[in-house]
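A.B. asks: Here is a sequence with its predicted model. Questions after.
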Amino acid sequence: MKTANQHIGKGVKVAIIGGGPAGLSAAIELGRLPFVDWHLYEQKPTISEIGTGITLQRNTWILLEKLGASRHLRTSDIFRPADGHDNQYRNGLTGEVVKQTHPPVITPHQSPYRVHRGKLQRALLREVLMGFVL
């Protein structure tokens, strides 16, 4: 699949390889620059929402807010353990929890959360399609 922005034929030409979270984020940000002519290349015929869970840290949340994609993530799309821990260290032989860490008190919506990669991709793709794809 090949996707292009609205600024075809103007200024700097950029090839974005891959429609994963990084490629879609690049398309959103580059689409805001009037002098960038970008093309996103994805091996599959369509950008699909596949993958496993990933953890979104505070800086990732800040970036998602700036890109506008955070508004497309529903409360049901994200997961955080009830006790609020962000990391667990376990004994590799027994599985026993050796240490658990809790993040410092920060804005709740910017706390570390786990999200399915496909749901993150969907949120980013919606933002690309809303303004930057012909």
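C.D. replies: Ah, there it is. Numbers count the residues shown, from 1 in each chain.
A.B. asks: Could you give the number of residues near R71?
C.D. replies: 12 (other C-beta atoms under 10 Å). C-betas here are computed from N, CA, C, even on glycine.
A.B. asks: Ramachandran coordinates for it?
C.D. replies: With angles defined as degrees, to the nearest 10, R71 sits at phi -70, psi -10.
A.B. asks: just the strands in the chain please.
C.D. replies: 2-4, 12-17, 36-41, 53-56, 78-79, 87-90, 97-101, 113-116 (DSSP state E).
A.B. asks: Could you save these as TSV and add columns showing distance to H72 and mean pLDDT?
C.D. replies: What follows is these, written out as TSV (distance: least, C-beta to C-beta, whole Å; pLDDT from 0 to 100):
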stretch	distance to H72	mean pLDDT
strand 2-4	18	57
strand 12-17	20	90
strand 36-41	18	87
strand 53-56	13	84
strand 78-79	12	81
strand 87-90	27	80
strand 97-101	29	83
strand 113-116	11	86
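A.B. asks: Please produce CSV containing these, extended by mean neighbour count and distance to E29.
C.D. replies: Listed next are the strands of the chain as CSV, based on neighbours: other C-beta atoms under 10 Å; distance: least, C-beta to C-beta, whole Å:
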stretch, mean neighbour count, distance to E29
strand 2-4, 14, 15
strand 12-17, 13, 10
strand 36-41, 18, 9
strand 53-56, 15, 17
strand 78-79, 14, 23
strand 87-90, 11, 29
strand 97-101, 11, 31
strand 113-116, 18, 20
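A.B. asks: Let me know which of those is the nearest to R71.
C.D. replies: strand 78-79 (13.0 Å; C-beta to C-beta).
A.B. asks: what's in contact with that closest one?
C.D. replies: Strand 78-79 has contacts (C-beta atoms under 8 Å, 6 or more residues apart in numbering) with G53, L56, Y113, R114, V115.
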